[in-house]
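>>> model the structure of this input:
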Amino acid sequence: MTINIALVTSEAFVLGCDSISSETDFFLRPLNCIETDAEGNFVLDADGRATARFTLDQIQQVVTNSFGNVTKMFSISRGGVEAAAVTSGLASIGGKTISALAEEFLLLPTPGETLAQVAAAFLAFVREQYLLAFGAAIPLKFQPALEFLIGGFESASRFPAAYRVRVKENTCVAVYEGGSTGLTWAAQSDGVERLIFGIDSQLKSQITFELNKALDDFYEASKLNAMRMLEELMTAAGLDELPAGVNTEFVGKPAVELPFKNCQLDIDFANLPLQDAVDFVSYLVNLQSGRAKFARGVATVGGRTHIGVITRNNKLRMLNEPELVHRNPGYSHDQ
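Here you go, the predicted model:
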């Protein structure tokens, strides 16, 4: 898990991410799947072994470990294009980290003169490695997710652009281009969504589902009740059938759209000063990191917050990045 943030203003492309990487594995709760007899006891064979039957949706992906100091932001600039990416999902493919694969990509011939061409070429390069590692060995449903937010400037454009690349789905979609501006994110982002929209997508889906279910139940109950009342009235009036011309059509179920958009923050992304843009992206990453730190369970977002900036005349600048240091010079055995 991770948090990736990409902000496009009229003058810059700003990236932000955390530095924790998580390891996950697939688990199944076996006690819920073991065959039992009529009395609820486990059915065992002659060797004392049980048989478990389960559906694939009962398999859960669980975080087993997390570690910090991971490089999730890197340059993929090629020729006249200044581009950078942040990654979420897989930390490595075939024993190579994603940032190491990005360095290999930079050694290839220039793929084009537009940001879209660079993003598409990077997708093709990473997907080739991805399919070698996972394509034949794992069913599509269980293949791991790998996503990139890619953006920057190209020589022919006065404005930055951003693309969302998903390796498993083999998609490269423009998020902001042609002068459009805004904010996008990837991976674990419920805290960011709640700040920006006033509600996160999971809660929104739950509310919408419960509302539609309540409306459906009420609509069906109302129809049954109306039919009951009509039958009782006909019986009381001694009628075997309704008089001609009586309209018994029910009013259609209303379509309700909740005003979620009214809670969205009103931010002028296009005209954010560069320092404000940097501060805003940093704040969003730290917000999500804070949720992960204090929530129960293994923290899957956190560590150092990394910020990168690309402007019209500058390549990717990583802000306030610490130098590698030798922190453990050894133990003294002097007498």
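
>>> from now on I want contacts and neighbour counts done on CA atoms only, so please keep to that.
Fine.

>>> list of residues touching stretch 173-187?
Taking contacts as CA atoms under 8 Å, 6 or more residues apart in numbering, the residues outside stretch 173-187 that touch it are 1-10, 88-89, 116, 147, 149, 157-165, 269-270.

>>> buried subset of the residues you listed?
1-10, 88-89, 116, 147, 149, 159-165, 269-270 (16 or more other CA atoms under 10 Å).

>>> which ones among those residues lie within strands?
The strands, defined by DSSP state E, take in 3-8, 88-89, 147, 149, 161-165 from those.

>>> what is the nearest of the residues you listed to Lys293?
Ile3 (13.1 Å; CA to CA).

>>> right, and the closest one touches Thr300 too?
No: contact criterion CA atoms under 8 Å: Ile3 and Thr300 do not qualify, at 9.1 Å.

>>> for stretch 269-277, list every residue counted as buried.
Neighbour count says stretch 269-277 has Phe269, Ala270, Leu272, Leu274, Ala277 buried, by 16+ other CA under 10 Å.

>>> how distant is it from the center of its chain?
25 Å (CA atoms, centre = their mean, to the nearest Å).

>>> same question, stretch 21-34
Counting by CA atoms, centre = their mean, stretch 21-34 comes out at 21 Å from the chain centroid.

>>> between the two ends of it, how far is it?
Distance between the two ends of stretch 21-34: 34 Å, counting by CA to CA, to the nearest Å.

>>> show the average pLDDT along it.
The predicted model assigns stretch 21-34 a mean pLDDT of 78.

>>> can you list contacts of it?
By CA under 8 Å, 6+ apart, the list of residues contacting stretch 21-34 reads 1-2, 42-43, 50-54, 58-68, 70, 91, 300-301.

>>> what do you get if the cut-off is 7 Å, keeping everything else the same?
Outside of stretch 21-34, the residues within contact range by CA atoms under 7 Å, 6 or more residues apart in numbering are 1-2, 42, 50-54, 58-68, 70, 91, 300.

>>> next, the buried residues of stretch 169-186.
In stretch 169-186, counting by 16+ other CA under 10 Å, buried: Cys172, Ala174, Val175, Tyr176, Glu177, Ser180, Thr181, Gly182, Leu183, Thr184, Trp185, Ala186.

>>> same thing with stretch 225-233?
In stretch 225-233, counting by 16+ other CA under 10 Å, buried: Glu231.

>>> turn the buried residues of stretch 169-186 into CSV, including secondary structure and pLDDT.
Below are these laid out as CSV (DSSP: H, G, I helix; E, B strand; the rest coil; pLDDT from 0 to 100):
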residue, secondary structure, pLDDT
Cys172, strand, 97
Ala174, strand, 97
Val175, strand, 97
Tyr176, strand, 97
Glu177, coil, 94
Ser180, coil, 96
Thr181, coil, 97
Gly182, strand, 97
Leu183, strand, 98
Thr184, strand, 97
Trp185, strand, 97
Ala186, strand, 96
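
>>> and those residues, which two are furthest apart?
Ser180 and Ala186 (19.0 Å).

>>> tell me the spacing between Ala119 and Lys141.
Taking CA to CA, one finds Ala119 at 25 Å from Lys141.

>>> state the phi and psi torsions of the closest residue in space to Ile59 that isn't next to it in sequence.
Nearest non-adjacent residue to Ile59, counting by CA to CA, 6 or more residues apart in numbering: Leu28, 5.0 Å away. With angles defined as degrees, to the nearest 10, Leu28 shows backbone torsions of phi -130, psi 140.

>>> what sits against Arg127?
Counting by CA under 7 Å, 6+ apart, Arg127 has contacts Val167.
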